[in-house]
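> Structure of the sequence below:
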Amino acid sequence: MPFSHHFKENSSCSIVYNNSSYRSVILSLDSMSVRERRKLKLIQCRDGALDRRTINSIVKKVAGGGAVKRKHAENVSDSEKKAKLSKVSFVRGDGQYVYDEEGRQFLDCAASVSHVGHSHPHVIRAFCESQATALQWAGENVDQRNVKQREAFLTKFRSLLPASLSEVILVNSGSSANGLAIQICQAATGRQDVVVFDHTFHGSLSVSSSCSPMTFNKEGNGTKKPWVHVLPVPDLYRGPYRENDPAAIMKYFSEAKGMLEDLEAKGVKIACILMEPIFTFQGMTLAEPVYMQELVKYIHQLGALVIVDEVQGGLGRMGTTWGHEHLGINPDILTCGKPLSNGYPFAVVATSPRLVNPMRVITDLIQKECINPGPSLAVLEVIEREQMVSHVVRVGHKLIRQLRELGQRRRYVGRITGKGFMVGIDLVEDKRTRKPAKELATWVIAKMKAHQILLAVEGQYGNVVYLMPPLCFTRENAEQLVQALETVLIEAEMLGLHGLGEVHSSDEEKYFKTGDTDDEEDSNQYEDMD
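Reported below is the predicted structural model:
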């Protein structure tokens, strides 16, 4: 069952009591407004470079007597004013809910990395206690509690892995994990090139972003590296081979195999394929097991290795411990990121000792880094104790069934994709043509926020409404979501696609902003901050 917090507040502090044996967490809040706190943070941040920009901005505003600001206010359109008023600042989270400054509760169906729920008391306690004493000195771990905690995490985590993946390396992000996994493949095979699927994302660092078509395909973000090769997603819904063709899957595999054969004929030496168990950002579509099994077999025939990126699909989110279990394949390397620690910086690379040996000097240095396993051990304990994987199976089955029934009733729902708590609602202008309804998806997100339900939009065409709630999401939450969504879609049908009105997408992209801004200049200052 989802955990709960009890709040007792006054004007100067907020004390959070957990209805368990966990220690109370005291959050000191001053009486300043959100804007005042943000201004103070801005002035105090970093090495002073931003201070000067802020001070100069304030001086210019004072010197101008506020005339520029008044002129801007006079020229703001009604729609811009409405968009500004609709912005929400979230100040805390609890389980599957987040709360704004006015105390309004929102159901968070796009939590992603808050895997076992926002502010889970067991995870918070683990993080605080593991930081209470020194962790390392001169490369040696002097905190015996942390040593035991690390050993406990590795023991529990290895029990969830295939037996062949006994070597576990702790790093600080999914981007680092995928980059290290590629480096291991290159060292183990003596090859250099990497194969990925189109419209995927594997990280933001140099190597992992180079292997992320979502990054390098964006206008202005450069071109594909010559050592990266992109396979098309085997799309049975909008691709050249559709679901009504019994041979569609093998046709897609034949095309992929042909592309790889051409690369080999040109002298390209492929080190690995990096893939997710589900095409998360393409449309939350599931890969067909036969396709993946044949592809993995051929990759191995080339002398290359298979990396499965389980950052999004792993740890029970798809109804099994690991998403690749649905595919019937065995990865050579598995990576997992921040969901493993409920959002704290942490990730793992799991592989075999044989593959790591050529990189042993580097991996030994990495293992000496002071990575905090406390929150991740707590997450694994919560998943086990609260039986979250079986919970995802039960609730996820009901959620997808209800959404598919909804899709049969509603005009603009093309299909429901995904599995467990990774679900996509593919919105279309017409079910026959399957033309993506991008504007409708943005409108639906805004309307659902008015119902105090937070969703996200992704997909190759920007038309798929995404659901990735915490694993404590309940049957009652599923019913609430489906009912609100049907109300919104009925309204869309009544208005028609051309009568939906203007929705500011920039507003929808800033669900989790930390406070209001009155002008564009303040926003730009925060965009400069890391």
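> Which strands border the lengthiest strand in the chain, and is each parallel or antiparallel?
In the chain, with assignment by DSSP state E, the single longest strand is strand 422-430. Paired strands of strand 422-430, with direction, are strand 413-419 (antiparallel), strand 435-436 (antiparallel), strand 464-467 (antiparallel) (DSSP bridges).
> looking at the ones you listed, which is buried most?
strand 464-467 (a mean of 26; mean count of other CB atoms under 10 Å). Just so you know, the C-beta spots here come from the backbone N, C-alpha and C atoms, and that holds for glycine as well.
> mean confidence for it?
If you average the pLDDT over strand 464-467, you get 97.
> Quick one: residues in contact with that strand.
109-110, 283-284, 399, 417-418, 421-427, 441, 444-445, 455-459, 481 (CB atoms under 8 Å, 6 or more residues apart in numbering).
> That one: what's the following helix or strand?
helix 475-495 (DSSP states H and E).
> Report the buried residues of that following helix.
Buried residues in helix 475-495, counted by 16 or more other CB atoms under 10 Å: 477-478, 480-482, 484-486, 488-489, 492.
> ok, now stretch 155-163?
For stretch 155-163, by 16+ other CB under 10 Å, it's 157, 160-161.
> Stretch 314-329 now?
314-327, 329.
> Kindly report the same for stretch 196-213.
Applying 16+ other CB under 10 Å to stretch 196-213 flags 196-203, 207-213 as buried.
> Could you point out which of the residues you listed is nearest to Pro375?
Gly203 (20.3 Å; CB to CB).
> Could you report the pLDDT at the closest one?
The model's pLDDT for Gly203 equals 93.
> Show me the shaky parts of the stretch 251-400 of the chain.
By pLDDT under 70, the stretch 251-400 of the chain contains no weakly predicted segment.
> residue ranges of the helices in it, please?
In the stretch 251-400 of the chain, the helices defined using DSSP state H, counting those that start in this stretch lie at 280-283, 289-301, 353-356, 360-367, 374-385, 388-409.
> can I assume His115 is in contact with Met468?
No - counting by CB atoms under 8 Å, His115 does not reach Met468; the two are 9.8 Å apart.
> hey, what's in contact with both of these two?
Shared contacts of His115 and Met468, counting by CB under 8 Å, 6+ apart, come down to Arg317.
> Pull the contacting residues for Thr321.
160, 314-315, 389.
> and which of those is nearest Trp227?
Comparing the contacts of Thr321 against Trp227 with CB to CB places Gly314 closest, at 26.6 Å.
> Could you report the separation of that closest one from Ile124?
22 Å (CB to CB, to the nearest Å).
> same question, Leu315
In this structure, Leu315 and Ile124 are 19 Å apart, going by CB to CB.
> sorry, back to before: figure out which of the strands paired with strand 422-430 is closest to Ala450.
Short answer: strand 464-467, nearest of those by CB to CB, at 14.8 Å.
> Report the distance from the closest one to the chain centre.
Using CA atoms, centre = their mean, to the nearest Å, the mean C-alpha position of strand 464-467 is found 12 Å from that of the whole chain.
> Same check on stretch 385-405?
Worked out by CA atoms, centre = their mean, stretch 385-405 lies 19 Å from the chain centre.
> Look up how far His202 lies from Gly424.
19 Å.
> Lys224 now?
14 Å.
> How about Asn477?
30 Å.
> ok, now Met359?
Separation of Met359 from His202 (CB to CB) stands at 19 Å.
> again, but for Ala265
27 Å.
> for Met214, same thing?
Applying CB to CB to Met214 and His202 gives a distance of 9 Å.
> before we move on, what about Cys370?
Taking CB to CB, one finds Cys370 at 25 Å from His202.
> What of Asn330?
20 Å.
> swap in Gln387?
Gln387 is 31 Å from His202, by CB to CB.
> how would you label Val444: helix, strand or coil?
helix (DSSP: H, G, I helix; E, B strand; the rest coil).
> on that earlier part again, ok, so of the contacts of Thr321, who is nearest Phe346?
Among the contacts of Thr321, and counting by CB to CB, the member closest to Phe346 is Leu315, at 12.2 Å.
> Please name the residues that touch that closest one.
By CB under 8 Å, 6+ apart, Leu315 lies in contact with 115, 321-322, 336, 339-340, 379, 383.
> Going through these, which ones are buried?
Counted by 16+ other CB under 10 Å, the contacts of Leu315 give 115, 321-322, 336, 339-340, 379, 383 as buried.
> Distance to Leu165 for those residues - can I get that in CSV?
Listed next are these as CSV, based on distance: CB to CB, whole Å:
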residue, distance to Leu165
His115, 20
Thr321, 12
Trp322, 10
Cys336, 11
Pro339, 18
Leu340, 15
Val379, 19
Ile383, 18
